[in-house]
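Engineer: Sequence first, predicted coordinates after that:
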Amino acid sequence: MNLILPSLPYKYDDMEPYIDEKTMKIHHDKHHRTYTNNVNNILSKFPEFDNITADKLITQIENLPDNIKTLIRNNIGGYINHNIFWKGLKIGTSLHGLLKKSIIKNFGSVELFKEIFENVSMSCFGSGWTWLVNQNNKLLVVKTSNQDNPMMGEFISGTFGYPIIGLDLWEHAYYLKYQNRRQDYIVSFWNIVNWDEASIRFGQSKNI
Ligand code: MN
């Protein structure tokens, strides 16, 4: 396996003023690169993983040898979570179509969904992520710790499902601009959610 760090699908300052250019640059070029390199370095010693994909590996954490389980869990999680996060950001899209209908059906209204997402995000102690997931054709807001991803399954991540949107709640994602004001960062997320990408992921989630 040789993971490639994908380029950002936009310029570093394209999410201004919600995510500042400096944070975006460090977050992508340093943090995401480190997760990528770490997976490649660890797995370079294990030829039996040469042909596995990242999407497959993340579902197989339970079955990994104990001596690399935690390292792979943290770093393949970091790799995939950030891939989802970058593609999930865009200014100027709107929630529409089947995903909008399904959110209203599952949460009562778009406003209630956003309120739940914000509350779950605020309840994250330390570092982690908030996700909108499809769990067996039901939409739910869940959180994971550290770099866990719902696709790792319940035993590892404490939850499961196919992620439709994800919000990075590590301080490295917002501290330069927002400092201790995590709530402001969380609320600002609604300005940059790429709902077109979320709709694509919602479509994919129904085939899982
Ligand atoms: Mn991050």
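Structural biologist: Looks like it came in fine. Numbers count the residues shown, from 1 in each chain.

Engineer: only C-alpha atoms for contact and neighbour calcs from this point on.
Structural biologist: Noted.

Engineer: quick one: contacts of stretch 127-138?
Structural biologist: 106, 117, 120-121, 139-148, 150, 160-171, 202, 205-206 (C-alpha atoms under 8 Å, 6 or more residues apart in numbering).

Engineer: how about a cut-off of 7 Å?
Structural biologist: By C-alpha atoms under 7 Å, 6 or more residues apart in numbering, the residues outside stretch 127-138 that reach it are 120-121, 139-147, 160-170, 205-206.

Engineer: One more: stretch 81-88?
Structural biologist: Taking C-alpha under 7 Å, 6+ apart as the rule, stretch 81-88 contacts 8, 9, 32, 149, 165, 166, 167, 193, 194, 197, 198.

Engineer: try it again with 8 Å
Structural biologist: 6, 8-9, 32, 147, 149, 165-168, 193-195, 197-198.

Engineer: what comes up buried for it?
Structural biologist: By neighbour count on 16 or more other C-alpha atoms under 10 Å, the buried set for stretch 81-88 is 81, 82, 83, 84, 86, 87, 88.

Engineer: among the contacts of stretch 127-138, which are in helices?
Structural biologist: Using DSSP state H, the members of those that fall in helices are 120, 121, 205.

Engineer: Among those residues, find me the one that's closest to residue 14.
Structural biologist: residue 121 (23.7 Å; C-alpha to C-alpha).

Engineer: Can you tell me the closest non-neighbouring residue to the closest one?
Structural biologist: Excluding its sequence neighbours, the residue lying closest to residue 121 (C-alpha to C-alpha, 6 or more residues apart in numbering) is residue 130, at 5.7 Å.

Engineer: which SS state does that neighbour fall under?
Structural biologist: In three-state terms, and counting by DSSP: H, G, I helix; E, B strand; the rest coil, residue 130 is strand.

Engineer: any idea how far residue 192 is from the closest residue to residue 196 other than its chain neighbours?
Structural biologist: Of all residues not flanking residue 196 in the chain, residue 93 sits nearest, at 6.6 Å (C-alpha to C-alpha, 6+ apart). Distance of residue 93 to residue 192, given as C-alpha to C-alpha, to the nearest Å: 8 Å.

Engineer: of those two, who's got more company?
Structural biologist: residue 192 (19 against 14; other C-alpha atoms under 10 Å).

Engineer: Confirm for me that that one is in contact with residue 91.
Structural biologist: Yes. Residue 192 lies in contact with residue 91 (C-alpha atoms under 8 Å); the separation is 4.7 Å.

Engineer: what ranges of the chain fall below the confidence cut-off?
Structural biologist: 208 (pLDDT under 70).

Engineer: Let me know the distance separating the residue with the largest distance to the centre of it from residue 151.
Structural biologist: In terms of distance from the mean C-alpha position of the chain, residue 47 ranks first, at 27.8 Å (C-alpha atoms, centre = their mean). Distance, residue 47 to residue 151, by C-alpha to C-alpha: 24 Å.

Engineer: Could you export stretch 49-67 as PDB, CA atoms only?
Structural biologist: Extracted in PDB, the C-alpha atoms of stretch 49-67 (Å, rounded to 0.1, in the frame of the first residue of the first chain):
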ATOM      1  CA  PHE A  49      -1.000  -5.400   3.000                       C
ATOM      2  CA  ASP A  50       0.500  -4.400  -0.400                       C
ATOM      3  CA  ASN A  51      -2.800  -4.800  -2.200                       C
ATOM      4  CA  ILE A  52      -5.400  -3.600   0.300                       C
ATOM      5  CA  THR A  53      -7.200  -0.300  -0.200                       C
ATOM      6  CA  ALA A  54      -7.500   2.300   2.400                       C
ATOM      7  CA  ASP A  55     -11.300   1.900   2.400                       C
ATOM      8  CA  LYS A  56     -10.900  -1.800   3.100                       C
ATOM      9  CA  LEU A  57      -8.200  -1.400   5.700                       C
ATOM     10  CA  ILE A  58     -10.300   0.900   7.800                       C
ATOM     11  CA  THR A  59     -12.900  -1.800   8.200                       C
ATOM     12  CA  GLN A  60     -10.300  -4.400   9.200                       C
ATOM     13  CA  ILE A  61      -8.700  -2.700  12.300                       C
ATOM     14  CA  GLU A  62     -10.000  -5.400  14.700                       C
ATOM     15  CA  ASN A  63      -8.100  -8.100  12.700                       C
ATOM     16  CA  LEU A  64      -4.700  -6.400  12.600                       C
ATOM     17  CA  PRO A  65      -1.800  -7.700  14.600                       C
ATOM     18  CA  ASP A  66      -1.700  -6.200  18.100                       C
ATOM     19  CA  ASN A  67       1.700  -4.500  17.600                       C
END
